[in-house]
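Participant: Got a sequence here, can you model it:
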Amino acid sequence: MTERSAVDTIRGYFYQFDMTILRLLQLASLDDSIEIECIEDIDIRTATDVTAVQCKYYAKTEYNHSVIKDAVMWMLSHFKESKAGTKPKILYIIQGHYASGQDKLDDSFDIEFLKKHFLTYTKDKITHHHHNELGLSDADLEEFLTRLTIDIRAMEFDAQFREIIRCLEVVFKCRPFSAEYFYYNNALAIIRELSIKPAAAHRTITKRALLAKIDTSSVLFNEWFIQKNGKKAHLTALRKEYFTEFNVSPFERFFLVETDVRSYVRADLKDLLFTISKKWSKLTKIEPTPFCPYVYIHGIPSGELVELKKELNIEGLKLIDGHDFQGADFSCHSIKQKATHGNGIKIKVLNTLADLQETVDSIATTRRIYQFYLGSGYFTYDNAAVRHVKIQVEALADVKLII
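Facilitator: Residues are numbered from 1 along each chain as shown. Below is the predicted model:
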C-alpha cells in the first residue's frame, strides 16, 4: 500500500467513526442506540425501526453505480431473508461522499433503473439478474425501494467534523475547544474501542451512554485523535488554550507532573522545573505582588527527589518545600511564604499528595491546578472555585512543549 493510499484508508476510517458519532448525537431518544459493524457499518436502533447504514468516503473518486452495486445486492439479499422471516425487517441506507458524478443518480429512481444499474451483472461472460436469482417480483422490488435510501451527497470530511463539534457545543453548552479536546476526543476513543470488540453484543452503545462516558474534564492522549490532528498541533492547541497569557496574573499555580522510572532522566526534569519557574514567576524589584509556582512530582522516589532538590539549589533555583529544618513536619505556613526578589525563592516543591492537598485547601486566593499524567490521574480536587486542568501526555517532554 502506498503512503497516499494508506492516508486515504485511515481518512476513511475516521470518516466512518465521525459518522457514527454524529448519528449518535442526532438520535431523537437517549435510549436509541447504534451498533457498529454488525449488519452494516452502522446499525441504528430506535423504538420503532432498525436501519443498516453502509458508509463510503471517496473524496478523490467519481461516483459510478458500480461502486455501490455490491452493497445494493447484499441489501436485497437481506431483504429477501427478512421476507422469509429468517432475518429482521429493517431499513437500508447507503451514504457516501464522492468527488463528482452525483448527477448520475436521481434522488428517486424506479425499479427498472434498480434492475439495470444495481441488480444486473456479468460473470464468466454470462449476464445475471440478482432479483431473478432471489425469486423476487416487481412488487417485492417496489417494497425494497421504500426501505432503501441512497445518499451520494453526504457531507465532506471536514464539514461532518464541524457538525459534530457544533452538536457537542449545543449538548454540553461549551466552547469549540472543549467540544473537540474533551468530548469529541473521548467519543472517538469510545467508538474506536467498540469497533474492535469481538462480540457483536459489545459493539452497541446508546446515546445516553455515549454522553455519560464522554462527559469528562480530562484531555486524554487518544492515539487516534493525535493521529488525526498531528501531535505538534495537539500540543500547540493545549498551550494556546491554557498557557498563553500576555500578562501573567499573581495566582497560586500548582503544576503536577508525573515521571516514569523507565524513562526518567534527572536533567530533563530539572530543565522542565527551570522552565516552569521562569515562565510562571514574577520576582522583580518593582513587582507589587511577586509570586512563584508550586510543583508536585508524581512517581519520583523520595531519595531521587532529595538529590533533585540539592542540584536545583546548587544551580540557582532556590526552593522551599514546607519543612523548615531536618525532621520538621510539613507546614502550610512555611510553604506559603511569599516569594520575593529579596528572598530569592523561585519555586515551591510539594513532596507528597497529602502536602499538596493541605496546601491547596489552605489558600483562599485564586488557585489553578495543572495536572499532567501518563496513565491515569493521581490527584482529585473537586472545587468549583479552583480551576483544575487535567491533561494526559505521552511523555514528560510533552509537558515542556505545552507550557
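Participant: burial measure for the closest residue to residue 349 other than its chain neighbours, as a count.
Facilitator: Nearest residue to residue 349 in three dimensions, chain neighbours excluded: residue 321, at 4.5 Å (CB to CB, 6 or more residues apart in numbering). From N, CA and C alone the C-beta is placed, and that goes for glycine too. Using other CB atoms under 10 Å, residue 321 has 18 neighbouring residues.
Participant: Please name the residues that touch residue 321.
Facilitator: Neighbouring residues of residue 321 by CB atoms under 8 Å, 6 or more residues apart in numbering: 309, 335, 348-351.
Participant: again with residue 252
Facilitator: 291, 294, 363, 365-368.
Participant: By neighbours, which of the residues you listed wins?
Facilitator: Most surrounded of the contacts of residue 252: other CB under 10 Å gives residue 294, at 26 neighbours.
Participant: Report the beta-bridge partners for that one.
Facilitator: For residue 294, the residues forming beta bridges with it (DSSP bridges) are residue 254, residue 348.
Participant: That one and residue 276: what is the separation?
Facilitator: As judged by CB to CB, to the nearest Å, residue 294 and residue 276 stand 10 Å apart.
Participant: go on, residue 318?
Facilitator: 14 Å.
Participant: the more surrounded of these two?
Facilitator: Taking other CB under 10 Å, residue 318 and residue 276 do not tie; residue 276 has more neighbours (24 against 15).
Participant: quick one: what helix or strand has that one in it?
Facilitator: Using DSSP states H and E, residue 276 falls within helix 266-279.
Participant: got a list of contacts for that helix?
Facilitator: Here helix 266-279 has contacts from 243, 248, 255, 257, 259, 292-293, 295, 297, 300, 304, 307-308, 311-312, 315, 317, 346-347, 396-397, 399-400, 403, using CB under 8 Å, 6+ apart.
Participant: what does stretch 357-374 give?
Facilitator: Residues contacting stretch 357-374 (CB under 8 Å, 6+ apart): 242, 249, 251-258, 260, 294, 298, 322, 330, 332, 335-336, 350, 377-379, 381, 385-395, 398-399, 402-403.
Participant: how far is it from where the chain is centred?
Facilitator: 26 Å (CA atoms, centre = their mean, to the nearest Å).
Participant: Kindly report the same for stretch 154-167.
Facilitator: For stretch 154-167, the distance to the chain centre is 15 Å (CA atoms, centre = their mean).
Participant: buried ones in that stretch?
Facilitator: 154-155, 157, 160-161, 163-165, 167 (16 or more other CB atoms under 10 Å).
Participant: again with stretch 207-224
Facilitator: 207, 210-211, 214, 218-222, 224.
Participant: cool, stretch 240-255 as well?
Facilitator: Buried residues in stretch 240-255 (16+ other CB under 10 Å): 241-242, 251-255.
Participant: got it, and stretch 117-128?
Facilitator: Quick answer for stretch 117-128 (16+ other CB under 10 Å): 117-120.
Participant: can you list the domains in this protein?
Facilitator: 3-214, 230-402 (automatic domain parsing).
Participant: need the longest strand for the protein.
Facilitator: For the chain, the longest strand by residue count, based on DSSP state E, is strand 50-62.
Participant: ok, residues contacting that one?
Facilitator: Contacts of strand 50-62 (CB under 8 Å, 6+ apart): 8, 11-12, 15-16, 19, 23, 39-44, 67-68, 71, 75, 78, 88, 90-101, 154, 156-157.
Participant: what helices or strands is the helix or strand that comes right after it leaning on?
Facilitator: As assigned by DSSP H and E, the chain's next helix or strand after strand 50-62 is helix 65-84. Secondary-structure packing of helix 65-84 (3 or more CB pairs under 8 Å, 6 or more residues apart in numbering; DSSP states H and E): strand 50-62, strand 91-100, helix 111-118, helix 130-134, helix 138-147, strand 148-151.
Participant: Which neighbouring elements make contact with the fourth one?
Facilitator: Read that as helix 130-134. helix 65-84.
Participant: The helix it packs on: which residues count as buried?
Facilitator: 65, 67-69, 71-76, 78-80.
Participant: Likewise for stretch 377-390?
Facilitator: For stretch 377-390, by 16+ other CB under 10 Å, it's 377, 379, 381, 386, 388-390.
Participant: which pair in these spans the largest distance?
Facilitator: 377 and 386 (15.0 Å; CB to CB).
Participant: Contact partners for the closest residue in space to residue 79 that isn't next to it in sequence?
Facilitator: Distance criterion CB to CB, 6+ apart; nearest residue to residue 79, sequence neighbours excluded, is residue 144 at 5.1 Å. Residue 144 makes contact with 75-76, 79, 114, 136, according to CB under 8 Å, 6+ apart.
Participant: do residue 19 as well
Facilitator: Here residue 19 is in contact with 42, 53, 55, 95, 154, 160 (CB under 8 Å, 6+ apart).
Participant: again, but for residue 322
Facilitator: Contacts for residue 322 (CB under 8 Å, 6+ apart) come out as 330-332, 334-335, 348, 350-351, 355, 359.
Participant: Quick one: low-confidence residue ranges for the stretch 1-150 of the chain.
Facilitator: Scanning the stretch 1-150 of the chain for pLDDT under 70 picks out 1-8.
Participant: give me that answer again for 90
Facilitator: 1-13, 37-41, 56, 59-60, 106-108 (pLDDT under 90).
Participant: cool, the stretch 301-403 of the chain as well?
Facilitator: 327, 341, 382.
Participant: hmm, try it at 50
Facilitator: Low-confidence segments of the stretch 301-403 of the chain (pLDDT under 50): none present.
Participant: Just the strands from it, written as ranges.
Facilitator: Using DSSP state E, counting those that start in this stretch, the strands of the stretch 301-403 of the chain run over 319-320, 347-350, 367-373, 387-392.
Participant: Distance check, residue 251 against residue 400.
Facilitator: For residue 251, the distance to residue 400 - CB to CB - is 21 Å.
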